[in-house]
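>>> Have a look at this fold, sequence not included:
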């Protein structure tokens, strides 16, 4: 197991290097010059040249890149925002719990719905329950989450005088109030993501239920509940977990939209606002941090297979 | 005589009958016969196509034709789906919006499929160091959450129909090159490739004449199932103001937060674009699923 992990980590290094070059190059090609905007509209510095010198934009491009990446690798310093001059990592760490909580609750909602309906559809294959489940999953798949979110924000406020809570409260400050705020966004996001999970759960479980060891379990006289929940479900979870893992980037990308609709102060909103202000260091560093997380997550998911299915061994 | 022919007729297995239709026509016949959901999806797509192509002739209004006397109509005989804050006809705007969705969808998927084919086949065919280099590049691209990367690029190149089509096309191409590569790797090992090489065919001829036709069904499947994703991504980018700029209507743009204040007064402004988008995604998903079942070589005969 250990050599396998080390090999995967070694492979991640060139990938992340390419990622950093890619985001850096992209940001340097931005047409709108952030310095011009900062001097003209907001008088951050007396002259353009002074500000560019201040921000280090007058140095050669490769020096700027080495400075940025060197800071990250050597000192764990992800740079500062051009506009606020605040360290990016600090802001990221402050906002990350919001996005993480949103992602986890969303996954929870979609996995609970997806697995429950998926089990039902598989165990009662080709019955009414199966068809209803499959139709629901197709519907859920078709509804764009931001469309549903806008409708959920608008309709209840007209007919029930209910609006989502817009003043954010951290989980550590007031867990109940916090969950009340997160409930609607994660439900909206989670419901639209439950479709694929349900589909894959159904087909994986159908596959497992036809295997020999399940027949053995039946002939031992075990109850259906024990066979499905204790023997079949665990093995059928592998494709579900890899799907959730594959979708993780989608959850993070979608959080930009969900956070801007429900006004949650998370990483997605941070990124979106930085993009609008051409705040290169923020966009670069947030992209890099998240890409690193995705790479790490993929590794963690691959390793979790060995735990779920004892037949899988990594060497 | 009749005694001889009757058993012969019965004994003829149905599968052995030669197919007279070429496969690309046969697929549609099979679809209508065997895939009701796929047919339904196809019908939705056809309606959407007709609305998009014929928007000028079908609708008496222009997409940005305002009428301050007719603001916030829920629905009546002259405005079937109502009007918005400027008195613009919602149905008309949806039809022109369908045009953008289809334009960007087909454009990006067409461009992306070509790109995926070229990258995938090259990477698989040459293998070795080329494959290694190309695949690390694809790895790096795939490490990004797609929306974040696309947002970064779109704010870089600026919102326009052309830009979003090209950006989504390139993204689609890079992502799906891996699927094409996987299939091409398998085809490369066939003996007919070896014999083609022995007969002195060049690399290009082998790639174009022997690998490409065999990868084709996979590419069609990737393209049709990808259409709904591309349409959704275009809508999310337009929703964020990074897609197609106003005044040209897009479904994502019509839903965007810029109009939120008006939606409280006129909820149909939120509902209809959301419904249109859901219907389109549903249609393309079902059509794609149906085509995949009928075309995917791995599912054939099963």
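Received the coordinates, thanks. Just so it is clear, the structure is predicted and the values come from calculations on it, not from any experiment.
>>> Using the three-state scheme, assign residue B:63.
coil (DSSP: H, G, I helix; E, B strand; the rest coil).
>>> burial count for it?
When neighbours are defined as other Cβ atoms under 10 Å in any protein chain shown, residue B:63 has 19 of them. Where C-beta positions appear, they are placed from N, C-alpha and C, glycine not excepted.
>>> isn't it right up against residue B:250?
No. Using Cβ atoms under 8 Å, residue B:63 is not in contact with residue B:250, being 10.5 Å away.
>>> any shared contact partners between those two?
Overlap of the contact sets of residue B:63 and residue B:250 (by Cβ atoms under 8 Å, 6 or more residues apart in numbering or on different chains) is empty.
>>> Please pull out the lowest mean pLDDT helix or strand from chain A.
helix A:34-42 (a mean of 72; mean pLDDT, DSSP states H and E).
>>> Past that one, which element shows up next along the chain?
Counting by DSSP states H and E, the element after helix A:34-42 in chain order, helix or strand, is helix A:48-55.
>>> Could you name the helices and strands sitting against that next one?
Here helix A:48-55 touches helix A:34-42, going by 3 or more Cβ pairs under 8 Å, 6 or more residues apart in numbering or on different chains; DSSP states H and E.
>>> re earlier: the least confident helix or strand of chain A near chain B anywhere?
No. Against chain B, helix A:34-42 shows no contacts by Cβ under 8 Å from any Cβ of the partner chain, the least distance being 11.9 Å.
>>> For the stretch 51-200 of chain A, which residues score under the pLDDT cut-off?
In the predicted model of the stretch 51-200 of chain A, residues A:165 satisfy pLDDT under 70.
>>> Alongside chain B, which residues does the stretch 51-200 of chain A contribute?
A:138-139, A:141-144, A:146-148, A:150-151, A:153-155, A:157-158.
>>> how about the nearest residue to residue B:292, chain neighbours excluded?
Distances taken as Cβ to Cβ, 6 or more residues apart in numbering or on different chains put residue B:221 closest to residue B:292, at 4.7 Å, once the chain neighbours are dropped.
>>> Can you report how many residues neighbour that neighbour?
22.
>>> Let me see the contact set for it.
Contacts of residue B:221 (Cβ under 8 Å, 6+ apart): B:288, B:291, B:292, B:295, B:296.
>>> and it, what element?
Using DSSP H and E, residue B:221 sits within helix B:212-239.
>>> just to revisit the earlier point, what is the nearest of the residues of the stretch 51-200 of chain A next to chain B to residue B:48?
residue A:142 (13.4 Å; Cβ to Cβ).
>>> measure the spatially closest residue to the closest one that is not a sequence neighbour to residue A:202 for me?
Spatial nearest neighbour of residue A:142, chain neighbours left out: residue B:282 (3.7 Å); criterion: Cβ to Cβ, 6+ apart. Residue B:282 sits 19 Å away from residue A:202, taking Cβ to Cβ, to the nearest Å as the criterion.
>>> Return the nearest residue of the stretch 151-300 of chain A with respect to chain B.
residue A:253 (2.9 Å; Cβ to the nearest Cβ).
>>> List, one by one, the residues from the stretch 151-300 of chain B near chain A.
Residues of the stretch 151-300 of chain B lying near chain A (Cβ under 8 Å from any Cβ): B:151-153, B:155-156, B:158, B:232, B:235-236, B:239-240, B:252, B:255, B:257, B:260, B:263-264, B:267, B:270-271, B:273-274, B:277-279, B:281-282, B:285-286.
>>> Can you go through those and name the buried ones?
Neighbour-count burial within these applies to B:151-153, B:155-156, B:232, B:235-236, B:239-240, B:252, B:255, B:257, B:263, B:267, B:270-271, B:273-274, B:277-279, B:281-282, B:285-286; the criterion is 16 or more other Cβ atoms under 10 Å in any protein chain shown.
>>> any idea of the pLDDT on the residue of the stretch 51-200 of chain B found nearest chain A?
Here the stretch 51-200 of chain B gets closest to chain A at one residue, residue B:147, 2.9 Å apart by Cβ to the nearest Cβ. Residue B:147 is assigned a pLDDT of 84 by the prediction.
>>> ok, and the closest non-adjacent residue to it?
Nearest-residue entry for residue B:147: residue A:253, 2.9 Å, with adjacent residues in sequence omitted and distances by Cβ to Cβ, 6+ apart.
>>> how close does that neighbour sit to residue A:195?
17 Å.
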